[in-house]
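Asker: mind folding the following:
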Amino acid sequence: MPATTAISLTELAAGAADADLLDARAEPSRPLTVVDLDPATAPTAADLERAVRRARDSDRLLVGRTGRAEPACPDDLLSVLDLTLVRAPRDHLHTADTAGHPATVAVTDPAAEAEFLRARAAEQPQAALVLRQVLAMTGQLPVEQALDLESLAYSTLLGGAGFAGWLAARGPRPGPPPATHDPVTARREGDLLRITLDRPERRNAHGAELRDALVAALDIALWDDTVREVVLDGNGPCFSSGGDLDEFGTATDLATAHLIRTRAGAAARLHALGDRLTARIHGTCVGAGIELPSFAARVVAAPGTTVRLPELAMGLIPGAGGTVGIPRRIGRWRTLYLVLDGRAVPAERALAWGLVDRVEG
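Answerer: Numbering: from 1, shown residues only. Below is the predicted model of the structure:
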């Protein structure tokens, strides 16, 4: 894969990323710009100061890249860039991030990965830019307000051209069959309440039936002060494969959909459980399958677990709390990477970043 064209820090300081974001048709132009952090000539202190200011004020996604294991630039620049890709030896790919700056992601080929991310953002520019805006704000808000913001942005994108194009390419699908048994079980074991997602035939997809049953079980724990510990797990091949794709595109009233997500959803309730909650995940955890566990005080992953945020390809952003719970664990930069990259991350990397707390099983 060829390396992407990148601008230098000096060019960033001079305004190379400042061209109008929207073209004559009001469509985003060049939503992601790559910044080369390995200049042939070191930028001056004045250029670095201007680069930080330009990056902070930019409307575009700015992704830094360097061939070094640690970028040779000040922390304040790393903080205002949306993400910085650094080099990692192949045999240390999943553990090299532990001591690194939280704004960085270690990859074997930063230039090629930067091009991949640029292309991904260009395919769904509205979603990529909205994601940047949301991540810039959710960390500054209380969790409940941050969830409202995420949901408002999600409903906006549900009405966008990117999601419409994804639906058209997918084609019509029948709705999911109704559950033939309780999709969530709740079992009391002394002071412990064990809540299990139990629709393995649909890989515990987070559809309306499972969501409502999960919320009902969580409310038991929130209302009953004698529940001292809550364990959330899943039955079947994986904890959860995320949102039920057969339900995508069925919302006809996006304002009502927003209220359902925020007032009848699980994320705020999981957060409210605080230190009482442990999430045990396994298998391929996609979308809501990692977004919801991120609110738990402890996330335990079985060996072989992978996590993935696939929403960008649909013209969407995470909508089950992923822009709120995940950044509080790993920072907005690596959260952005998970969404922009869209590929599965193994449990070892998730552990190194802090997205999971233990790998055991």
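Asker: so what's G354 up against?
Answerer: Contacts for G354 (CB atoms under 8 Å, 6 or more residues apart in numbering) come out as 329-330. The way it works is simple: take the backbone N, C-alpha and C, and place the C-beta from them, glycine included.
Asker: how far away is it from P102?
Answerer: Using CB to CB, to the nearest Å, one gets 9 Å for the distance from G354 to P102.
Asker: now do the shared contacts for the two.
Answerer: Joint contacts of G354 and P102 (CB under 8 Å, 6+ apart) are I330.
Asker: low-scoring stretches of this structure, by residue?
Answerer: Counting by pLDDT under 70, the low-confidence segments of the chain come to 1-4, 90-99.
Asker: need the longest helix for it.
Answerer: Counting by DSSP state H, the longest helix found in the chain is helix 322-341.
Asker: pull out the buried positions in that one.
Answerer: Neighbour counts over helix 322-341 (16 or more other CB atoms under 10 Å) mark 322-341 as buried.
Asker: which residues in the chain form helices?
Answerer: 9-13, 45-57, 75-80, 110-123, 125-138, 143-158, 161-170, 208-223, 254-263, 267-272, 288-291, 322-341, 347-353.
Asker: nearest to A179 among those would be which one?
Answerer: The closest of the helices of the chain to A179 is helix 208-223. By CB to CB, the value is 5.2 Å.
Asker: so what does the closest one touch, helix or strand wise?
Answerer: Secondary-structure packing of helix 208-223 (3 or more CB pairs under 8 Å, 6 or more residues apart in numbering; DSSP states H and E): strand 184-189, strand 192-197, helix 267-272.
Asker: what does that helix contact?
Answerer: Outside helix 208-223, the residues that touch it by CB under 8 Å, 6+ apart are 176, 178-179, 182-186, 193, 195, 197, 199, 204, 227, 230, 244, 247, 264-266, 269-270, 272-273, 276.
Asker: redo that, cut-off 7 Å
Answerer: If you take CB atoms under 7 Å, 6 or more residues apart in numbering as the criterion, helix 208-223 is touched by 179, 182-184, 186, 193, 195, 197, 199, 204, 227, 230, 247, 264-266, 269-270, 272-273.
Asker: circling back: quick check: which of the helices and strands packed on helix 208-223 is nearest to G315?
Answerer: Using CB to CB, these put helix 267-272 closest to G315, at 21.3 Å.
Asker: which parts of that closest one are buried?
Answerer: Applying a neighbour-count criterion of 16+ other CB under 10 Å, one finds 267-271 buried in helix 267-272.
Asker: next: stretch 74-90.
Answerer: By neighbour count on 16+ other CB under 10 Å, the buried set for stretch 74-90 is 77-88.
Asker: now distance to A122 too, for those, in a markdown table please.
Answerer: A markdown table is the format used below for the buried residues of stretch 74-90 (distance: CB to CB, whole Å):
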| residue | distance to A122 |
| --- | --- |
| L77 | 24 |
| L78 | 24 |
| S79 | 25 |
| V80 | 22 |
| L81 | 19 |
| D82 | 15 |
| L83 | 16 |
| T84 | 20 |
| L85 | 17 |
| V86 | 23 |
| R87 | 24 |
| A88 | 25 |
